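Asker: What follows is a protein structure lacking sequence information:
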């Protein structure tokens, strides 16, 4: 298992030398400033590679750009609009540029409108650490009363609507603004932040798109780009929905084992693969994560190892980000399944037998609160997580 670390570029509060000191072997990053639908150039990629390879004082860092996260898929591709063919061409051009730079693993997602959703970015847990949290009732208050989405009432039962109304009434303007900012925060490092008007307009674009249509659009996209990835020796890996259940009336198509199995079967090339995120998939109690690795492992190209705690047993639970070895996911069983998959790959002579992983998210502890890094990406919280994961790997790999 190759240890990597997500880095958001020169503006990241966590420096490249910090990444190296944490023990990471490679870096996960992207060209966050390039808008979706626009091709990445070889010069832009080379610039980011130099930034990864260089400490602040100019000395070599010893690090390489190992994984792209994310090469964004535009809303036009997801919606299959008239602009989609040109955007797909740009995506393929980006693959050519990445392959020329020697980068082989490309993570992306196919979530409509928002890449991830939380209601609180600094929820305090009993230890005094803070973490990201999704409160379903706060989200319902946002959806029903702050966003005011059309037909939102149909997505909630009477008790949820009543509690959402009570919570909204108890909020002042500051609290309402904070929830709105948190919900639309999107992927850390993304180039755009959406206003309420933007979200309403984009939701309207998806009014006629159900899960079957969105899945068909994903498969059509993969049928267009996977041959290029195959030709170039690249590995594409789709990140699951976060959280893995419908929100804002939008379809979710990458939330379960069945979702992934359907897309892997529809586009059977080994270049079409999975970003296995234990944090996203683990929010659903019906996802058997070690079993999914055993059954789908040959298509897993990248791992996000993080943990969450479900706060109620409902199909759409409230949850918060836990310590990496805490929460509802049995991380030891997950890593054991990954090591079994790596062993199978070595026996089969696969060159990709070492699967890159990163300690995904982390609780803000110690100096993290003053550093003010990207939400979910503290320096010390992730260092702690990486150390814990490294310890499990070492113990399970010991002869």
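Answerer: It's in. On a predicted model such as this, the values are computed, not experimentally measured, just so you know.

Asker: Would you agree residue 163 is in contact with residue 136?
Answerer: No. Distance between residue 163 and residue 136: 9.8 Å, which falls outside the contact criterion (Cβ atoms under 8 Å). Yep, even glycine has a C-beta here, placed from its N, CA and C like the rest.

Asker: Longest helix in this structure, please.
Answerer: Among the elements of the chain assigned as helix by DSSP state H, the one spanning the most residues is helix 211-232.

Asker: Could you check which of residue 163 and residue 136 has the larger neighbour count?
Answerer: Counted by other Cβ atoms under 10 Å, residue 163 and residue 136 do not tie: residue 136 has more neighbours, with 22 against 16.

Asker: Show me what residue 107 is bridged to.
Answerer: According to DSSP bridges, the partner residues bridging residue 107 are residue 69, residue 237.

Asker: Let me see the ranges of the strands in the stretch 201-350 of the chain.
Answerer: Using DSSP state E, counting those that start in this stretch, the strands found in the stretch 201-350 of the chain span residues 235-239, 272-277, 300-305, 307-310, 319-322.

Asker: what about stretch 277-291, start to end distance?
Answerer: Between the opening and closing residues of stretch 277-291 there is a gap of 14 Å (Cα to Cα, to the nearest Å).

Asker: Sorry, slip of the keys, the one I care about is stretch 194-212.
Answerer: Counting by Cα to Cα, the terminal residues of stretch 194-212 are separated by 26 Å.

Asker: That stretch: which residues count as buried?
Answerer: Residues of stretch 194-212 classed as buried by neighbour count (16 or more other Cβ atoms under 10 Å): 194, 199, 202, 203, 206, 209.

Asker: and if you look at stretch 332-347?
Answerer: Taking 16+ other Cβ under 10 Å as the neighbour-count basis, stretch 332-347 is seen to contain the buried residues 334, 335, 336, 337, 338, 339, 341, 342, 345.

Asker: Can I get these in CSV including distance to residue 3 and pLDDT?
Answerer: Formatted as CSV, the entries for those read as follows, by distance: Cβ to Cβ, whole Å; pLDDT from 0 to 100:
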residue, distance to residue 3, pLDDT
334, 15, 98
335, 12, 98
336, 17, 98
337, 18, 98
338, 13, 98
339, 14, 98
341, 17, 98
342, 14, 98
345, 18, 98
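
Asker: What about those, which are in helices?
Answerer: Among the buried residues of stretch 332-347, the members falling in helices (DSSP H) are 334, 335, 336, 337, 338, 339, 341, 342, 345.

Asker: where along the stretch 51-200 of the chain do the strands fall?
Answerer: Counting by DSSP E, counting those that start in this stretch, the segments of the stretch 51-200 of the chain that form strands are 65-69, 105-109, 120-124, 130-134.

Asker: Mind checking these for the one nearest to residue 26?
Answerer: Counting by Cβ to Cβ, residue 26 lies closest to strand 65-69 out of these; the figure is 3.3 Å.

Asker: can you list contacts of the closest one?
Answerer: The contact list for strand 65-69, computed with Cβ atoms under 8 Å, 6 or more residues apart in numbering, reads 2, 4, 6, 25-30, 48-49, 52, 98, 101, 103, 105-107, 239, 275, 302, 356, 358.

Asker: Tell me the confidence at the residue nearest to the spatial centre of the chain?
Answerer: With the centre of the chain defined as its mean C-alpha position, the nearest residue by Cα atoms, centre = their mean is residue 239, 5.6 Å away. pLDDT recorded at residue 239 is 98.

Asker: now residue 372
Answerer: 85.

Asker: Name all residues that make contact with the residue nearest to it when sequence neighbours are not counted.
Answerer: With sequence-adjacent residues excluded and distances taken as Cβ to Cβ, 6 or more residues apart in numbering, residue 372 is closest to residue 13, at 6.1 Å. Applying Cβ under 8 Å, 6+ apart, one finds that residue 13 lies in contact with 371, 372, 373, 374, 379.
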